[in-house]
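In: let me see the structure of the following:
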Amino acid sequence: IIKIVAFYLLFCCLFDLLSRSVVLFFYQYIPHDYTNIFLRITFRLGELIIIGCLINKYWLKSKIAWGLMLLCVFFLIYDLFTYQSKGILNYEAHAQTASTILLIGLIITNLLKQLNSSKDYDVTHQMLSMVFLAYFSINLIYTVIQNFIINQSFTNKSFVIFYSSYALLHIIYYFVVAFILLKNRNKVVGYN
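Out: Reported below is the predicted structural model:
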């Protein structure tokens, strides 16, 4: 489990570097707005696959969850291929919202399952579940807000505050996940 979380953190870091490189080096050839949406959907797809598989394979082990994840993957792929036809001003992140809601549901189900279980709690897994729950819940709020403000005009100050707080959320999230990995580094590198 810890190795998958380490892979997830590495995926996030490499995806962020890759997306910044694409925007920086190919901004003349690719429309910036479409690139941002494409990268966001692609990232959410990877996040759903990694975190969803982690939760379901090791904690929930539910066939229904696999089916729901597969539906969300298809919804994200559909959104990936059709977002340009809607236009930037009409794009709404319904697939991203659905995948985030699914992850929140899986995490809550996992926490409830652990509470009803007679087994002892694994503190690391509980911490991971709580961090995932906090991050995806707050991220859901930002995604929904972005759906409403996409066609609105705002001052530069409110725009900066909104996206600065969104960036701060990610910094705190990645720092906490990295801290959990650091505390469990023996499991990550394969020592007992």
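In: neighbours of Asn184, just the number please.
Out: Asn184 sits with 18 neighbouring residues when counted by other Cβ atoms under 10 Å. Any C-beta I mention is one placed from the backbone N, CA and C, and that applies to glycine too.
In: quick check: the gap between it and Asn56.
Out: 21 Å (Cβ to Cβ, to the nearest Å).
In: is the residue of the chain most remote from its centre in a helix, a strand, or coil?
Out: Computed with Cα atoms, centre = their mean, the residue of the chain farthest from its C-alpha average is Ser118, at 30.5 Å. Following DSSP: H, G, I helix; E, B strand; the rest coil, we place Ser118 in the coil state.
In: surely Gln126 and Leu115 touch.
Out: No - at 10.0 Å, Gln126 and Leu115 do not qualify as touching, with contact defined as Cβ atoms under 8 Å.
In: which of these two has more neighbours?
Out: Between Gln126 and Leu115, counted using other Cβ under 10 Å, the more crowded position is Gln126 (13 against 8).
In: pLDDT of the helix or strand harbouring the more buried one, averaged?
Out: Assigned by DSSP states H and E, Gln126 falls within helix 123-149. Taken as a whole, helix 123-149 has an average pLDDT of 88.
In: and it, what's buried?
Out: Neighbour-count burial for helix 123-149, with 16 or more other Cβ atoms under 10 Å as criterion, is recorded at 124-125, 127-129, 131-133, 135-136, 139-140, 143, 146.
In: low-confidence bits of the chain, can you list those?
Out: Applying pLDDT under 70 to the chain flags the ranges 27, 30-33, 149-156, 187-192.
In: in it, mark out all the helices, start to finish.
Out: Ranges of helices in the chain, per DSSP state H, are 2-25, 32-55, 63-86, 94-116, 123-149, 156-183, 185-189.
In: any idea how far Ala98 is from Ile141?
Out: From Ala98 to Ile141 the distance is 15 Å (Cβ to Cβ).
In: no, scratch that, I was asking about Ser164
Out: 15 Å.
In: now Asn36
Out: Taking Cβ to Cβ, one finds Asn36 at 19 Å from Ile141.
In: pretty sure Ser19 contacts Gly46?
Out: No - Ser19 is beyond contact range of Gly46, at 11.5 Å (criterion: Cβ under 8 Å).
In: OK, contacts around the residue nearest the centre of the chain?
Out: The residue lying closest to the centre of the chain (Cα atoms, centre = their mean) is Glu47, at 4.7 Å. Glu47 sits next to 8, 12, 99, 103 when contact means Cβ atoms under 8 Å, 6 or more residues apart in numbering.
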